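Visitor: structure here, sequence nowhere to be found:
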């Protein structure tokens, strides 16, 4: 019998609404301060939640004694995601063409589009799909070769590197020497919010949840509250120093 996860389904629906809020700034006209905190705290929980649940549902049926079956399941998941991605890429194609041509076309835009298609999304809002596919592959390979602890460590390091890159962009751009390498990075990858730096850690958390015993509700609640308070403090700090930007 297929197990049902009603609470996760409800949380997915709420998270989808929060993603919409990220792009629409619903409280901006009421209070700029409240809108900022709402977007950068509550709403920023949504995308990590989607990555984590995706990792959980994929790895809950992982069979360490049947790698052929695991690879087959991974391929099916990637094909399904790619089909969805391709459909939305086609839907957004007119907007993409307009964005690339309304100020004049340049041949380098073709290379930019190819890069974005595989790493950052064929259109800005679609970045989650290629990021999810790439993160799935990275975590799967790490877990298959080195196990859970190694996977968690490497994905945490990748996330931390991406965090430093995205949040502290103004600092790296102001340091002679470092700014050159940072400029090379931004021209090559554009952002660290992708399937290399951002997604793998949350997929790995989903893997961890699928492989370990469920925590008591009280422990989970306390952990969440502590994390959220620290998250709120982080946003306040970055807002104070004027570097509140694409937080990962």
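Guide: Cool, the structure landed. Please read all numbers here as calculations on a predicted model, not as lab measurements.
Visitor: who touches the most centrally placed residue in the chain in this structure?
Guide: By CA atoms, centre = their mean, the mean C-alpha position of the chain lies nearest to residue 199, the distance being 4.3 Å. By CB atoms under 8 Å, 6 or more residues apart in numbering, the contact set of residue 199 is 51, 131, 132, 134, 135, 138. The way it works is simple: take the backbone N, C-alpha and C, and place the C-beta from them, glycine included.
Visitor: for residue 25, what are phi and psi?
Guide: phi 50, psi 60 (degrees, to the nearest 10).
Visitor: let me know whether it touches residue 39 as I believe.
Guide: Yes: Residue 25 lies in contact with residue 39 (CB atoms under 8 Å); the separation is 6.8 Å.
Visitor: how far away is residue 168 from residue 182?
Guide: 10 Å (CB to CB, to the nearest Å).
Visitor: compare the two (neighbour count), which wins?
Guide: Using other CB atoms under 10 Å, the more surrounded residue of residue 168 and residue 182 is residue 182, with 18 against 14.
Visitor: which element is that one on?
Guide: In this structure, residue 182 is located in helix 178-188 according to DSSP states H and E.
Visitor: show me the shaky parts of the protein.
Guide: 1-4, 245-248 (pLDDT under 70).
Visitor: what's the distance between the following helix or strand past the helix holding residue 182 and the middle of its chain?
Guide: For helix 178-188, the succeeding helix or strand toward the C-terminus, using DSSP H and E, is helix 199-211. The chain centroid and the centroid of helix 199-211 are separated by 12 Å, computed with CA atoms, centre = their mean, to the nearest Å.
Visitor: understood, closing this out.
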